[in-house]
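*Asks:* everything below, folded, please.
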Amino acid sequence: MKKLFLTGVLSLLTFSCSKKENSEIQPSSDASTPVTTNVSGQSLIEASDCMACHNADERLIGPSYKEISAKYSEKDIEMLASKIIEGGSGVWGSVPMQPHPQVSKADAKKMVEYILSQKK
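*Replies:* Residues are numbered from 1 along each chain as shown. This is a model prediction of the structure:
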């Protein structure tokens, strides 16, 4: 049963990790990395696939934003932004976070700043 559940979770991750369209995202001079203009971290998160695995208050597949904000501080923004872009595993359990190479470093930092603003 546990194996079947994990298989289902991994299948969900595979299908849910596609970027949603957002009219505020403009292509940069490097077409592989879009940049945004004047968009909040919350808007970036809502326009991405983040909510498939994360929630503001409750743990889903990954930790809630409140759990993340309780564990990390502003000194961790650079590291957390890199984790959004490169993916990661082992910190919050056995299910890895998929990489999001389409997210620019500046946008990833905005997303992290929003997440850290959710401190209890």
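*Asks:* list the contacts of residue 81.
*Replies:* Residues near residue 81 by C-beta atoms under 8 Å, 6 or more residues apart in numbering: 105, 108, 109, 111, 112. Placement of C-beta: from N, CA and C, glycine included.
*Asks:* so what's it closest to, chain neighbours aside?
*Replies:* With sequence-adjacent residues excluded and distances taken as C-beta to C-beta, 6 or more residues apart in numbering, residue 81 is closest to residue 108, at 3.7 Å.
*Asks:* what does residue 73 give?
*Replies:* Nearest non-adjacent residue to residue 73, counting by C-beta to C-beta, 6+ apart: residue 116, 7.1 Å away.
*Asks:* number of nearby residues for that neighbour?
*Replies:* 20 (other C-beta atoms under 10 Å).
*Asks:* same deal with residue 68?
*Replies:* Neighbour tally, residue 68, other C-beta under 10 Å: 20.
*Asks:* next one: it from residue 79, what distance?
*Replies:* Plainly put, residue 68 is 12 Å away from residue 79 if you go by C-beta to C-beta, to the nearest Å.
*Asks:* and residue 48, by the same measure?
*Replies:* The gap separating residue 48 from residue 79 is 19 Å, by C-beta to C-beta.
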